[in-house]
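below are the sequence and a predicted model for it; my questions follow.
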Amino acid sequence: MQSGCVALVLLMALCCSSVAAEKPQPLPAGAMYRYENAQGVTVLDDHIPPEFVGNGYAVLAPSGRVLQEVPPALTPEEVAEREREQHAQAMENARARAQLEYDRDLLIRYSSVADIRAVQKRRRSALESRIIIEDRNRDTLEAELERQLQQAARMERAGEDVPALTRRNVENMRLQIAESEALVAKYRQDIERTDQEFAAAIARFRELKGEEVAVQDEEPVSAPPAPLLLR
């Protein structure tokens, strides 16, 4: 009975402890370590030489029953693999949490696919309006640039020096035109990205709702605010 209590106490101590393999727990009287020496011979002893601890060992009760198996220490490759697996699991957990938040927001903000399309249309219209305004500004700049270039050309043909101010104006207008073209290109990319994001939102909404509604039959139920998740 006493040996059973000793074994139970030992088992609890070993299981609850996070002591590393190279620092085995002291044993009570009668318990033994079982390990392999350098020749591969199994040894039973009340201590383990430090050089053999990393190979793994077992803890035996006085009766010979195995109380705990301590596996060999991990190799650097195994440690790296474990860290990769832990990182992959952490990334998967983060993705799952983000998806859950996205789904919850989607269902709170919209009551139908038509509601999502209404917000998409507003986003598209705002970007298209910016493109129209930028195109008009660029047309004005290009017309003024052409006028300045023609004036400079006439002066050069007449043998006159083109004023430095005119040259600076020409250079500035060329820069503004290039910036305007880049801005229009960005707006067009924003439109494409917006369409992709809303298409994904609609597909996910249908999946969550389990609805198979024809697009032409969908009518907006409300005018929801622009969603935070679609930017």
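On my side now, so go ahead.

which residues of this structure score low on pLDDT?
Within the chain, the ranges that satisfy pLDDT under 70 run 1-23, 211-231.

where along it do the helices fall?
With DSSP state H as the criterion, the chain has helices at 2-16, 50-53, 76-109, 113-157, 164-209.

what helices or strands is the shortest one leaning on?
Okay, so that is helix 50-53. Packing partners of helix 50-53 (3 or more C-beta pairs under 8 Å, 6 or more residues apart in numbering; DSSP states H and E): strand 32-36. The C-beta positions use only the backbone N, C-alpha and C, and glycine is treated the same way.

now the strand it packs on: buried residues?
Buried positions in strand 32-36, judged by neighbour count with 16 or more other C-beta atoms under 10 Å: 32-35.

closest one of those to residue 189?
residue 35 (64.8 Å; C-beta to C-beta).

ok, the closest one to residue 62 distance?
Residue 35 sits 18 Å away from residue 62, taking C-beta to C-beta, to the nearest Å as the criterion.

related to what we said a few turns ago, Serialize the helices of the chain to CSV and add fields for mean neighbour count.
Listed next are the helices of the chain as CSV, based on neighbours: other C-beta atoms under 10 Å:
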stretch, mean neighbour count
helix 2-16, 13
helix 50-53, 14
helix 76-109, 11
helix 113-157, 15
helix 164-209, 14
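
show me how the record splits the chain into domains.
Using automatic domain parsing, the domains assigned to the chain come out as 2-70, 110-217.

can you put those domains in CSV and add distance to residue 78?
Formatted as CSV, these follow (distance: least, C-beta to C-beta, whole Å):
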stretch, distance to residue 78
domain 2-70, 12
domain 110-217, 39
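
just send the buried residues of strand 32-36 back as TSV, with distance to residue 68 too.
Output for the buried residues of strand 32-36, formatted as TSV (distance: C-beta to C-beta, whole Å):
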residue	distance to residue 68
32	12
33	10
34	11
35	13
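
list the contacts of the closest residue to residue 123 other than its chain neighbours.
Excluding its sequence neighbours, the residue lying closest to residue 123 (C-beta to C-beta, 6 or more residues apart in numbering) is residue 194, at 5.1 Å. Applying C-beta atoms under 8 Å, 6 or more residues apart in numbering to residue 194 gives the contacts 120, 123-124, 127, 230.

can you add distance to residue 57 and give these back as CSV?
CSV is the format used below for these (distance: C-beta to C-beta, whole Å):
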residue, distance to residue 57
120, 65
123, 65
124, 68
127, 68
230, 58
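
and those, which is closest to residue 90?
For the contacts of residue 194, the nearest to residue 90 is residue 230 (26.3 Å; C-beta to C-beta).

phi and psi next, for residue 73.
Residue 73 adopts backbone torsions of phi -60, psi 150, taken as degrees, to the nearest 10.

and if you look at residue 62?
Dihedral pair for residue 62: phi -50, psi -30, per degrees, to the nearest 10.

tell me how many other residues crowd it.
Other residues within reach of residue 62 by the criterion other C-beta atoms under 10 Å amount to 13.

from residue 46, how far off is it?
Per C-beta to C-beta, residue 62 is found 11 Å from residue 46.
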